[in-house]
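K.L.:
no letters, just coordinates:
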């Protein structure tokens, strides 16, 4: 989906009621998804501070877990001076984040332009720990999704739904969650930006946590095929929360995921991802079941020069997210 807008159309109360009362089936989900314009467009905003990326650039990928504190999250990132930021789990118009457009706030703080896409239309306030942060008893917009921040303008952007059957909506898919009523599915944002060495494709994605390795394999395969159509013969950097190891008992070992070999067979490498786990306890997830390695970079046609993991714990000892930020420096 390549339509872009400067503001996403609101979902009216009548449509929300229809979504809540609709049969919880994959077919109904597809029909509803097609009827909500905000689920089928990329919002662009912010202001770029440069025109062309440097030959050596730094990219950060961070699941910011709703982005409770967007100004502080941006300030925390400033230490690594990223040229591109790939975000997942950013709120827009949610009570738990004070109804703010967290991507827009972060972009303004960092002096960057942004692309935002809706992963889910959230129809409730969230879980018990999230409700502790709610400023209202309603969501002004209810959007939750992925974003790309860039120091240079976008040449083009697109959004890809990694499936459309309503994995969290449709009871016939076996994954509906009555505690999180929502419309939508996991997705990816794709963008082309100009660099000193030519155009570069960057991708922010978020694979399914409530699914198997085979499910994530199929999502990543769909993404790789879409990238080839969107940015043929172009260097590519994919970053995000791939949820590797989830629903892989008994050890939940990311090494058992088949998407790694899938990408390698198509010319990608994972060497720009630093070693070590990327999850921790947070304000929203104070007692996680385990520590995991979920966040990755996959690159094609790029040389890595540095990589690391930026702890999500700020200078005051407060975790900004249940994920640490992965970053890498690359040369085109």
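P.N.:
Sure thing, it's come through. Computed from a predicted model, the values in this text were never measured in an experiment.
K.L.:
got a pLDDT number for residue 172?
P.N.:
Note for residue 172: predicted pLDDT of 71.
K.L.:
what residues are up against the closest residue to it other than its chain neighbours?
P.N.:
In this structure, residue 172 finds its nearest non-sequential neighbour in residue 25, 5.2 Å apart by C-beta to C-beta, 6 or more residues apart in numbering. Where C-beta positions appear, they are placed from N, C-alpha and C, glycine not excepted. Counting by C-beta atoms under 8 Å, 6 or more residues apart in numbering, residue 25 touches 166, 170-172.
K.L.:
recalculate using a threshold of 10 Å.
P.N.:
By C-beta atoms under 10 Å, 6 or more residues apart in numbering, the residues touching residue 25 are 31, 165-166, 169-173.
K.L.:
swap in residue 180?
P.N.:
120, 122-124, 126-127, 130, 168-169, 210.
K.L.:
mind doing that once more with 6 Å?
P.N.:
Contacts for residue 180 (C-beta atoms under 6 Å, 6 or more residues apart in numbering) come out as none.
K.L.:
for it, helix, strand, or coil?
P.N.:
coil (DSSP: H, G, I helix; E, B strand; the rest coil).
K.L.:
do you know how far it is from residue 126?
P.N.:
7 Å (C-beta to C-beta, to the nearest Å).
K.L.:
list the buried residues for stretch 241-254?
P.N.:
241-246, 248, 252, 254 (16 or more other C-beta atoms under 10 Å).
K.L.:
what are the ranges of the helices in the stretch 151-300 of the chain?
P.N.:
213-230, 259-265 (DSSP state H, counting those that start in this stretch).
K.L.:
mean neighbour count, distance to residue 102 and mean pLDDT for the ones you listed - can I get that in JSON lines?
P.N.:
Below are the helices of the stretch 151-300 of the chain laid out as JSON lines (neighbours: other C-beta atoms under 10 Å; distance: least, C-beta to C-beta, whole Å; pLDDT from 0 to 100):
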{"stretch": "helix 213-230", "mean neighbour count": "18", "distance to residue 102": "24", "mean pLDDT": "97"}
{"stretch": "helix 259-265", "mean neighbour count": "16", "distance to residue 102": "28", "mean pLDDT": "98"}
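K.L.:
doesn't residue 124 make contact with residue 181?
P.N.:
Yes - here residue 181 lies in contact with residue 124, judged by C-beta atoms under 6 Å, at a distance of 5.3 Å.
K.L.:
give me the low-pLDDT residue ranges for the stretch 151-300 of the chain?
P.N.:
173-179 (pLDDT under 70).
K.L.:
buried residues, stretch 107-120. List them.
P.N.:
107-110, 112-120.
K.L.:
what ranges do the strands span in this protein?
P.N.:
4-5, 42-46, 56-66, 84-92, 113-122, 143-150, 154-161, 182-184, 187-195, 198-206, 236-241, 295-300, 303-310, 325-331 (DSSP state E).
K.L.:
sorry, back to before: of the buried residues of stretch 107-120, closest to residue 309?
P.N.:
residue 110 (19.6 Å; C-beta to C-beta).
K.L.:
okay, the helices of the stretch 151-300 of the chain in a markdown table with distance to residue 12 next?
P.N.:
Output for the helices of the stretch 151-300 of the chain, formatted as a markdown table (distance: least, C-beta to C-beta, whole Å):
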| stretch | distance to residue 12 |
| --- | --- |
| helix 213-230 | 31 |
| helix 259-265 | 38 |
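K.L.:
and residue 85, which of those is closest to it?
P.N.:
Residue 85 sits nearest to helix 213-230 of all the helices of the stretch 151-300 of the chain, at 19.0 Å, using C-beta to C-beta.
K.L.:
chain center to the closest one, what's the gap?
P.N.:
15 Å (C-alpha atoms, centre = their mean, to the nearest Å).
K.L.:
show me what it is packed up against.
P.N.:
Counting contacts by 3 or more C-beta pairs under 6 Å, 6 or more residues apart in numbering; DSSP states H and E, helix 213-230 is packed against helix 259-265.
K.L.:
great, nothing more from me.
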